[in-house]
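Asker: Got a predicted structure plus its sequence, pasted below:
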Amino acid sequence: MLYFPLLILALLAYNGLVFLTDVGLRNEIFTLSMVSGTAWTFTVSDLILLFALVLLFFEVLKATRTGAGTILDHMLSTLVFVAALVEFILVAEAATSTFFLIVVICFVDVVAGYSVSIRSARRDFAVGHQDSFL
């Protein structure tokens, strides 16, 4: 099975948009008139964050697996978080609220991944431990 930190795709999408195109994060994708009478605008920034949240969902699902590669997957996710944090601190184009929220999503991925894996390992150990006495 392929162990790949999916959230790197959100970082690549952000960096690709910021560094390789002239598309602004505040560019409007669409606007909807709400029943309340106000207009809701969906921007490029919103799309990137939505993409990152969907990737986070799949990362949490991946964290429920157990196996030797799971540790590698968590280490790679930790590296993605550290790289994103360093970029946020050092790169002017990354000093935006959008990128900060991507960094937070990466952090949640790391914490959730380790937490879910530890919890799953305890459950697997407890089940296996009880079976050995039967």
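Answerer: Received the coordinates, thanks.
Asker: show me where pLDDT drops low in the protein?
Answerer: 1-2, 120-134 (pLDDT under 70).
Asker: Contacts for stretch 104-111, please.
Answerer: The contact list for stretch 104-111 (Cβ atoms under 8 Å, 6 or more residues apart in numbering) reads 5, 7, 10-11, 49, 52-53, 56, 59-60, 74, 77-78, 80-81, 84-85. For every residue, glycine as well, the C-beta is placed using N, CA and C.
Asker: Pull the distance from the helix or strand harbouring Leu9 to the chain's centre.
Answerer: Following DSSP states H and E, one finds Leu9 within helix 8-20. Its chain's C-alpha centre and that of helix 8-20 lie 13 Å apart, by Cα atoms, centre = their mean, to the nearest Å.
Asker: again with stretch 94-111
Answerer: 8 Å.
Asker: residues of it that come out buried?
Answerer: Ala94, Thr96, Thr98, Phe99, Ile102, Val103, Ile105, Cys106, Val108, Asp109, Val110 (16 or more other Cβ atoms under 10 Å).
Asker: Hmm, Leu17 and the second one touching each other?
Answerer: No. Counting by Cβ atoms under 8 Å, Thr96 stays clear of Leu17, with 11.2 Å between them.
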